[in-house]
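Student: turn this into a model:
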Amino acid sequence: MNRPERELGRKAGGEHGFTLLEVLVTLAVVGTILAAIAPVFAANLIHARGAEDRLLLSTAARSLLDTLPSRDKLRPGQLSGTLEDVSWTMEVTPYQLPGALATGSWVPYRITIDLTTPRRHNARIETIRLGRTVRS
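Tutor: Okay, here's the model as predicted:
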């Protein structure tokens, strides 16, 4: 039985390969698959950047809290700067407890730290530390 070469999947003249239609169908299928999974990759990238910024904010906040002056030197005021690409502002104010009188040699200070990453993610850290009363 002798079949023509065309029936065996070969083109006339002995050439092998894909037809233009086969290539176009394959490209359409691959394009459809890529279009379907592209939003998943984009969402993962956004979440990864957000996690990176939260880690950066946490590290910067911890560093700033670790560098606070000792209790004897803690005073009201405001400072600002940049640490690891994070802009920060620290404000130290006396903390007045409702109904409490400021007596003795210790006073509570409210410390507020506002941090901002280059991608505009923000964090605010508030804590209270005891400091010596300022003697005039």
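
Student: so where's this structure uncertain?
Tutor: 1-15, 99-103, 134-136 (pLDDT under 70).

Student: just the strands from it, written as ranges.
Tutor: 77-83, 86-94, 106-116, 122-132 (DSSP state E).

Student: can I get the ones you listed in JSON lines including mean neighbour count?
Tutor: C-beta here means a position set from N, CA and C on the backbone, and glycine is covered the same way. Below are these laid out as JSON lines (neighbours: other CB atoms under 10 Å):
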{"stretch": "strand 77-83", "mean neighbour count": "11"}
{"stretch": "strand 86-94", "mean neighbour count": "17"}
{"stretch": "strand 106-116", "mean neighbour count": "17"}
{"stretch": "strand 122-132", "mean neighbour count": "14"}
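
Student: residues in contact with the most centrally placed residue in the chain?
Tutor: Nearest to the mean C-alpha position of the chain, counting by CA atoms, centre = their mean, stands residue 53 at 2.2 Å. Counting by CB atoms under 8 Å, 6 or more residues apart in numbering, residue 53 makes contact with 117, 119, 121.
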